[in-house]
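Participant: Just the structure for this:
(chains A and B)
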Amino acid sequence: KAGVTQTPRYLIKTRGQQVTLSCSPISGHRSVSWYQQTPGQGLQFLFEYFSETQRNKGNFPGRFSGRQFSNSRSEMNVSTLELGDSALYLCASSLDPRSDTQYFGPGTRLTVL
Amino acid sequence: DQQVKQNSPSLSVQEGRISILNCDYTNSMFDYFLWYKKYPAEGPTFLISISSIKDKNEDGRFTVFLNKSAKHLSLHIVPSQPGDSAVYFCAAYTGNQFYFGTGTSLTVIP
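Facilitator: Reported below is the predicted structural model:
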């Protein structure tokens, strides 16, 4: 089985721009979660989607949004980028929200200049 | 509010010795705990897990210990190998959401 894929792997944007990141989960997995990783902060939960519905949302501003499509692929969008949004954005998939193990993609490294 | 804490940002160990990585949590509702390993430029990969009804789980060189009364989790790697050099994240699960620690960077010195 192919693993979780994320595109693009690297992205450079400037302040004020918006960005869209994409995640394709493992085939058959219907739950997708997004995390932000910054040095010293670990993995901070952004949101989780299941069956095209957002199930959970972390403590991030409304500039961070996401969606999930019928094929379980997910996108996250960040609008009005700030320097502090520079981070590694990780997507994780699992069979369903009750699964106790998540499988991570390689991440998208976003740099905001 | 960091509900899962890894207080040691880094750890260095000689090859062949034991590596002990620690994790503390605050939420007594956590019922499942996991350790992930992360190499640079890769996503975290699942390493080992433990249910809250157990106090120990082994998988080869890796053993996870859970002390529920102390709300403390540890990962033992014996013997440590240079390929174990990576960042290790502990995570806790409520049945609804995962919470991750800040990570400990392990360096195994040949």
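Participant: Check which helix or strand the residue nearest in space to the middle of chain A maps to.
Facilitator: In chain A, the residue lying closest to the centroid (CA atoms, centre = their mean) is residue A:34, at 3.3 Å. For residue A:34, the host element (DSSP states H and E) is strand A:31-38.
Participant: Could I get the full set of strands for chain B?
Facilitator: B:4-5, B:10-14, B:19-25, B:32-38, B:45-51, B:56-59, B:62-67, B:72-77, B:86-93, B:98-100, B:104-109 (DSSP state E).
Participant: closest to residue A:27 out of the ones you listed?
Facilitator: Residue A:27 lies closest, by CB to CB, to one member of the strands of chain B: strand B:45-51, at 17.7 Å. Using the backbone N, CA and C atoms, a C-beta is placed for each residue, glycine as well.
Participant: and the closest one, what other elements does it pack with?
Facilitator: Using 3 or more CB pairs under 8 Å, 6 or more residues apart in numbering or on different chains; DSSP states H and E as the contact test, the elements touching strand B:45-51 are strand B:32-38, strand B:56-59, strand B:62-67, strand B:72-77.
Participant: can we see that at 6 Å?
Facilitator: strand B:32-38, strand B:62-67 (3 or more CB pairs under 6 Å, 6 or more residues apart in numbering or on different chains; DSSP states H and E).
Participant: Next, see if the first one gets close to chain A.
Facilitator: Going back to what we said before, that points to strand B:32-38. Yes - Strand B:32-38 reaches chain A (CB under 6 Å from any CB of the partner chain) through residue B:32.
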